[in-house]
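Novice: predicted model and sequence follow; I will ask about them next.
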Amino acid sequence: MLDRVKDEPYGTLVETVLLRSMARAAYQPDGHGHFGLALAHYAHFTSPIRRYPDLLVHRAIKHVLSGRDSNRFPYSSKDMDALGEHCSATERRADDATRDAIAWLKCEFMRDKIGKVFEGLITGVTSFGVFVQLEDVFIEGLVHVTSLENDYYELDTAKHRLVGTRTRKTYQLAAPLRVRVVAVDMEQRRIDFEPVEPKRQSRGRRRKRSAGTPASGHRDVEPRPARRRR
């Protein structure tokens, strides 16, 4: 599938959705293969040892290579099940702590960037807005739905996009978006963006300026409708 879409304009979207559709890995003593690698037989193994699951695999391999009976392995199947659940839980807890620390550092980095404009990529779409990851620095922030172009936006979950009911403007997963940094909340570990839309011509032709009309005269444009909040 990835080979078929790699040259398509929607290739990045398919890759992102495919990755998120995969279940999170968990440590188990039974061999179920590896879905992502398409392997019928797979074991978590690293060298040098980095985590306790690696240590258990090393001990099992050493036991087999020494020619000892598998029934005399120090850990029972029940023990391995319990250790697998424990290691899976502690790894998730460690990941959460790492993400929290990184989120704080990213906010600290962006504190003096308020008002600056960056190129980004939409990495998440929700009913309350879109998440955008900045290019180069790989920092993610939220573009709240109230900061989008004056319209009421509906979430299209099947196509991973927000669609304006009046303008039909869309904000889709994996689409590029230029944004401006508007706020950084250190306590909430949150960065807020607003979209930087390209300048557009007014709907009607500009009135020709007469000799007595100042250069700062008002444009003949319709007032923008009030912003609707979700």
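Specialist: Happy to help now that I have it. Everything numeric in this text was worked out from a predicted model, so none of it was measured. Numbering: from 1, shown residues only.

Novice: point out where this protein drops to low pLDDT.
Specialist: Flagging of the chain using pLDDT under 70 yields the residue ranges 49, 198-230.

Novice: now the strands: where do they sit in it?
Specialist: 117-126, 129-134, 140-144, 153-156, 161-164, 170-172, 176-185, 190-195 (DSSP state E).

Novice: so which of the ones you listed is the most packed in?
Specialist: Each of the strands of the chain was assessed for mean neighbour count using mean count of other CB atoms under 10 Å. The highest is strand 129-134, with a mean of 22. Every C-beta, even on glycine, is put in place using the N, C-alpha and C of the backbone.

Novice: how far does that strand sit from its chain's centre?
Specialist: Taking CA atoms, centre = their mean, to the nearest Å, the mean C-alpha location of strand 129-134 is offset from the chain mean by 8 Å.

Novice: neighbours of H41, just the number please.
Specialist: The tally of other residues near H41 (other CB atoms under 10 Å) stands at 8.

Novice: typo on my end, it should be F45
Specialist: The number of residues packed around F45, counting by other CB under 10 Å, is 11.

Novice: for it, which non-adjacent residue is spatially closest?
Specialist: Closest residue in space to F45, ignoring its immediate chain neighbours: V57 at 5.2 Å, by CB to CB, 6 or more residues apart in numbering.

Novice: cool, Q172 as well?
Specialist: Nearest in space to Q172, with sequence neighbours left out and distances taken as CB to CB, 6+ apart, is R161 at 3.8 Å.

Novice: am I right that the one you found is in contact with K169?
Specialist: No. With contact taken as CB atoms under 8 Å, R161 and K169 are classed as non-touching, separated by 10.1 Å.

Novice: mind giving me the domain ranges of the chain?
Specialist: Dividing the chain into domains by automatic domain parsing, as the record does, gives the ranges 2-110, 115-195.

Novice: is it true that H41 touches G31?
Specialist: Yes. With contact defined as CB under 8 Å, H41 counts as touching G31 (5.9 Å).

Novice: on that earlier part again, so who does the residue nearest to Q172 touch?
Specialist: The neighbours of R161, taking CB atoms under 8 Å, 6 or more residues apart in numbering as the test, are V125, L155, T170, Y171, Q172, L173.

Novice: what about it, distance to R72?
Specialist: From R161 across to R72, the span is 58 Å (CB to CB, to the nearest Å).

Novice: before we move on, the earlier item: including distance to P9, could the strands of the chain go into TSV?
Specialist: As requested, those are arranged in TSV below (distance: least, CB to CB, whole Å):
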stretch	distance to P9
strand 117-126	14
strand 129-134	18
strand 140-144	22
strand 153-156	18
strand 161-164	14
strand 170-172	11
strand 176-185	11
strand 190-195	20
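
Novice: looking at those strands, which is closest to E15?
Specialist: Across these, the minimum distance to E15, taken as CB to CB, is reached by strand 117-126, at 11.9 Å.

Novice: by contact count, what packs against that closest one?
Specialist: Using 3 or more CB pairs under 8 Å, 6 or more residues apart in numbering; DSSP states H and E as the contact definition, the elements that strand 117-126 packs against are strand 129-134, strand 170-172, strand 176-185.

Novice: tally of neighbours for the residue nearest to F45?
Specialist: V57 sits with 17 neighbouring residues when counted by other CB under 10 Å.

Novice: check contacts around A183.
Specialist: Applying CB under 8 Å, 6+ apart to A183 gives the contacts I114, R190, I191, D192.

Novice: how about the residues you listed, which pair is most distant?
Specialist: Every pair in the contacts of A183 was compared (CB to CB); the two farthest apart turn out to be I114 and R190, at 13.2 Å.

Novice: give me the common contacts of the two.
Specialist: Shared between the contact lists of I114 and R190 (criterion: CB under 8 Å, 6+ apart) are residues A183, V184.
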